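Trainee: no FASTA, just this:
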């Protein structure tokens, strides 16, 4: 028999007595399980305000980047097939891959930046609690966030272009809110940007 094998007769654990599992001395009321004066169950703390700013930004940016990359890749695929300089397979494949990578990354980055800015402005509007001043008008925070996102994104192009971009963002929220009202879907149900 080798020296590395175990001999169960010499095992120290076998010489110890089995412990007693007598539970008669445990008072269930001290554990919170038994009959207590307070019969209400304990609940974990729950944040009723929803997700925090960072969690919302990361979720929205990730999904926007993915959707933008897929949409831009499809658009790039179409453009690559249209603008191929040759009908040879290798040249056509190279053209498609170049256009897919160019448009996919551009659209993905653009939508990712938009969603980060929108999430920040929407959280800022929630922190200011703007909805309490507007009364029955529902999507004031998202509408202001969309306007500020468009205006900030195009702010280097001048005030007219920035204002136009803000109005386009405001219109996107308005169209979404109107469509959801007509369809009977609760606004903001999907918790992705203003959809």
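Mentor: Okay, I see it. Quantities reported herein were computed from a predicted structural model and do not represent experimental measurements.

Trainee: Point out the other elements, helices or strands, that whichever strand or helix holds residue 152 touches.
Mentor: Following DSSP states H and E, the helix or strand that holds residue 152 is helix 140-153. If you count contacts as 3 or more Cβ pairs under 8 Å, 6 or more residues apart in numbering; DSSP states H and E, helix 140-153 packs onto helix 89-128, helix 131-134, helix 159-183. Glycine gets a C-beta too; all of them are placed from N, C-alpha and C.

Trainee: which ones are touching the nearest residue to residue 161 once chain neighbours are set aside?
Mentor: Leaving aside its chain neighbours, residue 161 sits nearest to residue 154 (5.0 Å; criterion: Cβ to Cβ, 6 or more residues apart in numbering). Residue 154 sits next to 161-162, 164-165 when contact means Cβ atoms under 8 Å, 6 or more residues apart in numbering.

Trainee: Pull the residues that contact the helix holding residue 152.
Mentor: Taking contacts as Cβ under 8 Å, 6+ apart, the residues outside helix 140-153 that touch it are 113-114, 117-118, 121-122, 124-126, 130-131, 134, 162-170, 172-174, 188, 194.

Trainee: Name only those of those that count as buried.
Mentor: Neighbour-count burial within these applies to 113-114, 117-118, 121-122, 125-126, 162, 165-166, 169-170, 172-174, 188, 194; the criterion is 16 or more other Cβ atoms under 10 Å.

Trainee: returning to that earlier point: would you reformat the contacts of residue 154 as JSON lines and include distance to residue 23 and pLDDT?
Mentor: Formatted as JSON lines, those follow (distance: Cβ to Cβ, whole Å; pLDDT from 0 to 100):
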{"residue": "161", "distance to residue 23": "76", "pLDDT": "95"}
{"residue": "162", "distance to residue 23": "72", "pLDDT": "94"}
{"residue": "164", "distance to residue 23": "74", "pLDDT": "95"}
{"residue": "165", "distance to residue 23": "70", "pLDDT": "94"}
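
Trainee: Name the nearest of these relative to residue 16.
Mentor: Taking Cβ to Cβ as the measure, residue 16 lies nearest residue 165 of the contacts of residue 154, at 76.8 Å.
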